[in-house]
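Engineer: Based on what follows, work out the 3D shape:
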Amino acid sequence: MLLKYVRVLLLASVLGGLCSCAQVNTTARSSLPAVGPVAAGGPTPSTENIRKDIPVPAEPAQIPAPTIFALPLPVQRQMPTRIALLLPLRSEALGRAANVVRAGFMTAHERENEQGLSVTIVETSETVQDVLSGYNAATLNHDIVVGPLSRTGVTAIVQGGAVGKPTIALGQLDMSGDVGLMLPQQMLVIGLSIDDEARQIANWAHTDHPAGKAFSISTGTAWQRRAAKAFADEWQRGGAQLEAMELGTAGGFLSASGLLQLRKRIETEKPAFLFVALDAAQTRQLREAIGTDTVMYGTSQLNPYALPDWATAERIPDMNGVRLVDMPWQLQPDHPAVLLYPRLAVNPDQRRSADLERLYALGIDAYRIAREIALKRTQFEIDGVTGKLKIDLYRNAARFERTEVPAIYQDGIVAPLPGW
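Structural biologist: Prediction:
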């Protein structure tokens, strides 16, 4: 009988503990019920098993409210936009240029300190198959692809038609073939282009000489032929007159007989200006042969020095009055974007390459464009280090326009025209 009574007491104790725990877990504040008097006529509880050495508080003890800790909600981290920079870093011919573009791109990435963008370098050679393989791999694991750099690489990707991610091509399309190529909707071509410079010069010259006749001068060099053709197409769009002449070369110098013939034609036909698709050394030779009376326009190749080197460079007074276009990185040391980014690192005793400086600037602007695309912007403008940039995405096809800075030779050095 006693054993049965003990079991009943133990069971009551356990059940009472569970009820007490349940009450604490479901109520912010709780107290034990007060012990009331025994009802009259009710049974008197047994006191045989009650210890009398335990003091009984005058007031019922209060159970402290449980401490509630606010657990932080899990942070929904947004995955960074993944950018693949596709460059021919394993190419002997293009490796140096690719390294400079990479330096400009990563300089902009570090300077902007973007937390939401990650950059992966994808190395290729210059072969078409390697470029295509690298591009296809990059599109699988990245959101934006920047590259390739070469004309053949860009053309191969366009011909392949497998542009499934936003792609910022750093080269130009090879349009030498007879078949016209249409840019895929998600491809933006931002490569530096002598052809685009020639078209800009044609519009500039048309403003200065709306009714004049132009002479276009070039040699058989590929880039000069492209520039001369681009200028001619733009200049003649409105019916303006043009005479195109290609001079021979020997040992790096323009043909003396060709220069003599050109001089006679200038004296006879008196063109309003010359467009010279030549480099700076050839243009100096041309000026020496024909004089300085005829106005000349040319591309950025008429600016042979990097901007920092003009401070110590020998002046070229026989180029005074020659007009050209070039990028802010090469002309405007006080331009806001030019001030923002450090110069390409070179050895102290090494002369900077003007063309490599331009490629470094291309890398900077390529990153800035990629950042805007990562922000889902489809129409925007950038006052870039390579020029004033206008981008229009996903309207049938992506459109890109770069306007460079008009400049002129003054006191033997290149200076930007006022207002730019």
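
Engineer: Distance of residue 199 relative to residue 393?
Structural biologist: 22 Å (Cβ to Cβ, to the nearest Å). No exception for glycine: its C-beta is placed from N, CA and C like everyone else's.

Engineer: Please apply the same query to residue 193.
Structural biologist: When residue 193 is compared with residue 393 (using Cβ to Cβ), they lie 19 Å apart.

Engineer: and if you look at residue 323?
Structural biologist: Using Cβ to Cβ, residue 323 is found at 33 Å from residue 393.

Engineer: Over to residue 387?
Structural biologist: Taking Cβ to Cβ, one finds residue 387 at 18 Å from residue 393.

Engineer: Over to residue 404?
Structural biologist: Distance, residue 404 to residue 393, by Cβ to Cβ: 22 Å.

Engineer: who has more neighbours, these two?
Structural biologist: Higher neighbour count among residue 404 and residue 393: residue 404, with 23 against 20, using other Cβ atoms under 10 Å.

Engineer: What residues does the more buried one make contact with?
Structural biologist: Shown in contact with residue 404 (Cβ atoms under 8 Å, 6 or more residues apart in numbering): 197, 200, 300, 325, 326, 327, 386, 387.

Engineer: Widest-spaced pair of the residues you listed?
Structural biologist: Across the contacts of residue 404, no pair lies farther apart than 200 and 386, at 12.8 Å, counting by Cβ to Cβ.

Engineer: Between these two, which is the more surrounded one?
Structural biologist: For the pair residue 200 and residue 386, the greater number of neighbours falls to residue 386 (28 against 23), based on other Cβ under 10 Å.

Engineer: That one against residue 329, yeah?
Structural biologist: Yes: taking Cβ atoms under 8 Å as the definition, residue 386 is a contact partner of residue 329 at 6.6 Å.

Engineer: Can you say which helix or strand has residue 262 in it?
Structural biologist: helix 256-269 (DSSP states H and E).

Engineer: so how far is that helix off the chain centroid?
Structural biologist: For helix 256-269, the distance from its own C-alpha centre to the chain's C-alpha centre is 46 Å (Cα atoms, centre = their mean, to the nearest Å).

Engineer: List the contacts of that helix.
Structural biologist: 213, 215, 217, 243, 245, 247-248, 274, 285-286, 289-290, 294.

Engineer: Tell me the buried residues in that helix?
Structural biologist: By 16 or more other Cβ atoms under 10 Å, the buried positions in helix 256-269 come out as 258, 259, 262, 266.

Engineer: Can you give me the pLDDT of the second one?
Structural biologist: Right, residue 259. At residue 259, the model reports a pLDDT of 97.

Engineer: That one and residue 228, how far apart?
Structural biologist: As for residue 259, its distance to residue 228 is 17 Å (criterion: Cβ to Cβ).

Engineer: One more: the third one?
Structural biologist: Taking Cβ to Cβ as the criterion, residue 262 is separated from residue 228 by 14 Å.

Engineer: what does stretch 362-382 rub up against?
Structural biologist: Among residues not part of stretch 362-382, those counted as contacts by Cβ under 8 Å, 6+ apart are 81, 83, 100-109, 112, 114, 116-117, 143-144, 146, 166, 168, 170, 188, 190-192, 337, 341, 384-386, 388-395.

Engineer: pull the CA atoms of it into PDB?
Structural biologist: This file holds the C-alpha atoms of stretch 362-382, laid out as PDB (Å, rounded to 0.1, in the frame of the first residue of the first chain):
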ATOM      1  CA  LEU A 362      40.200  51.500 -73.100                       C
ATOM      2  CA  GLY A 363      40.500  49.100 -70.200                       C
ATOM      3  CA  ILE A 364      39.300  51.700 -67.800                       C
ATOM      4  CA  ASP A 365      36.300  52.700 -69.800                       C
ATOM      5  CA  ALA A 366      35.500  49.000 -70.500                       C
ATOM      6  CA  TYR A 367      35.100  48.400 -66.800                       C
ATOM      7  CA  ARG A 368      32.900  51.500 -66.300                       C
ATOM      8  CA  ILE A 369      30.600  50.300 -69.100                       C
ATOM      9  CA  ALA A 370      30.500  46.800 -67.600                       C
ATOM     10  CA  ARG A 371      29.500  48.300 -64.200                       C
ATOM     11  CA  GLU A 372      26.600  50.200 -65.800                       C
ATOM     12  CA  ILE A 373      25.400  47.000 -67.500                       C
ATOM     13  CA  ALA A 374      25.600  45.100 -64.200                       C
ATOM     14  CA  LEU A 375      23.300  47.700 -62.800                       C
ATOM     15  CA  LYS A 376      20.800  46.800 -65.500                       C
ATOM     16  CA  ARG A 377      21.000  50.200 -67.200                       C
ATOM     17  CA  THR A 378      20.200  50.100 -70.900                       C
ATOM     18  CA  GLN A 379      20.700  53.700 -71.900                       C
ATOM     19  CA  PHE A 380      23.500  55.800 -70.400                       C
ATOM     20  CA  GLU A 381      26.300  58.200 -71.100                       C
ATOM     21  CA  ILE A 382      29.800  58.200 -69.700                       C
END
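
Engineer: all helices of the stretch 301-420 of the chain, in order?
Structural biologist: Counting by DSSP state H, counting those that start in this stretch, the stretch 301-420 of the chain has these helices, from start to end: 328-331, 336-340, 354-374.

Engineer: Buried residues in the last one, which are they?
Structural biologist: Okay, so that is helix 354-374. Buried residues in helix 354-374, defined by neighbour count with 16+ other Cβ under 10 Å: 354, 356-374.
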